[in-house]
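Novice: Structure, please.
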Amino acid sequence: MPLHKHNFKAALTYLDKFQFHGFRLGLERMISILNAFGNPEKNYPCLQVAGTNGKGSVSAIIASILHAAGYRTGLYTSPHLSSLRERFKIGNTMISEEELKEQIWRIRDFLERGYELSYFEFTTAIAMVWFAEQGTDLAIFETGLGGRLDATNIVTPLVSVITNISLEHQAFLGSSISEIAREKAGIIKKGVPVITGAGEQPALSVILDRCLELNAPVWELGLDFDVKEHGNSRIDYKGKFLKINGLDLALKGTHQATNAGLAIAACERLIEQGFRVTDTAVRNGCRSVYWPGRGELLRGSCGVLLDGAHNLGGLRSLKALLGRLDTIPGDKDRCFHTLLWACSDEGGDKDFVAMLRQIASLFGQIIITEPPGPRVPVTLERWRRSDIPRDVTLEQNWQKAMNKALSNCGNEDLLCVAGSLYLVGAVREELMEREFVCI
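Specialist: Numbering: from 1, shown residues only. As a prediction, the model looks like this:
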């Protein structure tokens, strides 16, 4: 075996080349590669989670509850914040560098024989193979883009979850809510129970019509199960089998209470199918769920709020969270100090100015930069051509922008980092190295 095959960084460098292939929707490549591996995705039951916002949080909460219930639970999510290993977990443990390296080289051997994969298809195949080899009791797959043609959609899950629908990735999924909802509803399988929080029309009608067509029983948030949030991340849940008051949720924000409700409802559907999920498991799972970079508060030389909000729906949730923050000392009526902001725009159709306007008035200072990572950034040149406030600071290098933001913030101030998960991940890693801590 060549020496370079023993090098983890070489494996990551090889895989990173696939980032430049862009989005490639369709299932034929996944079907082909998994057939070559003997269809490992059929060796364990799974859940599939789609939606515009919250699908990663819902997936993480489900996994945490099932882990607390004693199941060997696989979790596949994207994108990662700091390390590719974050995408592949069993319980609280990420895939090791050695295991990930070996999976990359194994799949490369097939690609050299003529198979083709995009970056996301490659990582999805890694997850599906690794979960089988690890003897997973159940796996949760977060969809990447859309649903119908997403690489994860080759599975037949025990439960399908669709969180909510709003405008996103219109160049790939459609120009209207109805079109995007049809793509998300593509994960619905014949007879497989569906959980949804898509309570607004016309998205809900599209989902319900698809469920009726496929005889898939559906539970709607607010109708078949409900969750109430009482502040300080304490929630009450009421469903078919479980009624639990005073749950402590580790994730902050009213939107996370909704995500927890969807996750618990999904677990109730598993209870129907013979899984043992107790009140205690739900409590412990909600209390211990870990999903960094989403409404996460850090403390160092100043307070820092990290949130991966990258579309209008996510910005509305972030705005609501900012409105309720009571962890930063001082006058609650004053503006928060600084916003560090960046956007990606892979499809060229993101209304990045409207996103910024959602929260710009909450901050005394705004610094715009370009995000690191493989996605097409909204460049400073595009920002300059846009209708943005005159006093906004533009800094192309994200590290310089971060340092400028930190130097302007005192101990009593809050720095909010948002707009791009790639920016949030890079800043988070840097702050952790500077001994900022989670609070």
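Novice: Give me the pLDDT for the residue positioned nearest the centre of the chain.
Specialist: Central residue of the chain (Cα atoms, centre = their mean): Gly56, 3.2 Å from the mean position. Note on Gly56: pLDDT of 96.
Novice: Show me what secondary structure element comes after the helix or strand harbouring it.
Specialist: Taking DSSP states H and E as the definition, one finds Gly56 inside helix 55-68. Next helix or strand after helix 55-68 toward the C-terminus (DSSP H and E): strand 73-76.
Novice: helices and strands around the helix or strand following that following strand, which ones?
Specialist: Following strand 73-76 in sequence order, the next helix or strand is strand 88-90 (DSSP H and E). Applying 3 or more Cβ pairs under 8 Å, 6 or more residues apart in numbering; DSSP states H and E, we find strand 88-90 packed against strand 73-76, helix 119-133. In short, each C-beta sits where N, CA and C put it, glycine included.
Novice: Walk me through which strands the next helix-or-strand element following strand 88-90 pairs with, and which way each runs.
Specialist: The element immediately downstream of strand 88-90 (helix or strand, assigned by DSSP H and E) is strand 93-94. For strand 93-94, the paired strands and their directions (DSSP bridges) are strand 88-90 (antiparallel).
Novice: what does the strand it pairs with rub up against?
Specialist: Applying Cβ atoms under 8 Å, 6 or more residues apart in numbering, the contact partners of strand 88-90 are 63, 72-76, 94-95, 100, 123, 126-127, 130-131, 134, 136.
Novice: Enumerate every residue touching Leu100.
Specialist: Applying Cβ under 8 Å, 6+ apart to Leu100 gives the contacts Phe8, Ala11, Leu84, Arg85, Phe88, Ile126.
Novice: Just to be sure, it is in a helix?
Specialist: Yes. Membership of Leu100 in a helix is supported by DSSP: H, G, I helix; E, B strand; the rest coil.
Novice: mind checking how far it is from Gly410?
Specialist: 41 Å (Cβ to Cβ, to the nearest Å).
Novice: what do you get for Asn7?
Specialist: 44 Å.
Novice: Looking at these two, which has the bigger crowd around it?
Specialist: Neighbour count, other Cβ atoms under 10 Å: between Asn7 and Gly410, Asn7 has more, with 13 against 8.
Novice: Report the spatially nearest residue to that one, omitting neighbours in sequence.
Specialist: In this structure, Asn7 finds its nearest non-sequential neighbour in Lys101, 7.7 Å apart by Cβ to Cβ, 6 or more residues apart in numbering.
Novice: Could you count how many residues lie near the one you found?
Specialist: Lys101: 21 neighbours (other Cβ under 10 Å).
Novice: Let me know whether it touches Lys9 as I believe.
Specialist: No. The pair Lys101 / Lys9 is not scored as a contact, 9.1 Å apart, by Cβ atoms under 8 Å.
Novice: and stretch 134-146, what's its mean pLDDT?
Specialist: Mean pLDDT, computed over stretch 134-146, is 95.
Novice: swap that for stretch 67-74, please
Specialist: 98.
Novice: just stretch 13-28 next, same as before
Specialist: If you average the pLDDT over stretch 13-28, you get 81.
Novice: Enumerate the positions of that stretch that are buried.
Specialist: Tyr14, Leu15, Phe18, Phe23, Arg24, Leu25 (16 or more other Cβ atoms under 10 Å).
Novice: would you list every one of the helices in the stretch 251-400 of the chain?
Specialist: Counting by DSSP state H, counting those that start in this stretch, the stretch 251-400 of the chain has helices at residues 254-272, 279-288, 312-324, 352-359, 380-384, 398-408.
Novice: Looking at those helices, which is nearest to Leu247?
Specialist: Of all the helices of the stretch 251-400 of the chain, it is helix 279-288 that lies closest to Leu247, at 5.0 Å by Cβ to Cβ.
Novice: Identify all contacting residues around that closest one.
Specialist: Identification of contacts with helix 279-288 by Cβ under 8 Å, 6+ apart yields 61, 64-70, 235, 237, 242, 244, 247-250, 260, 264, 267.
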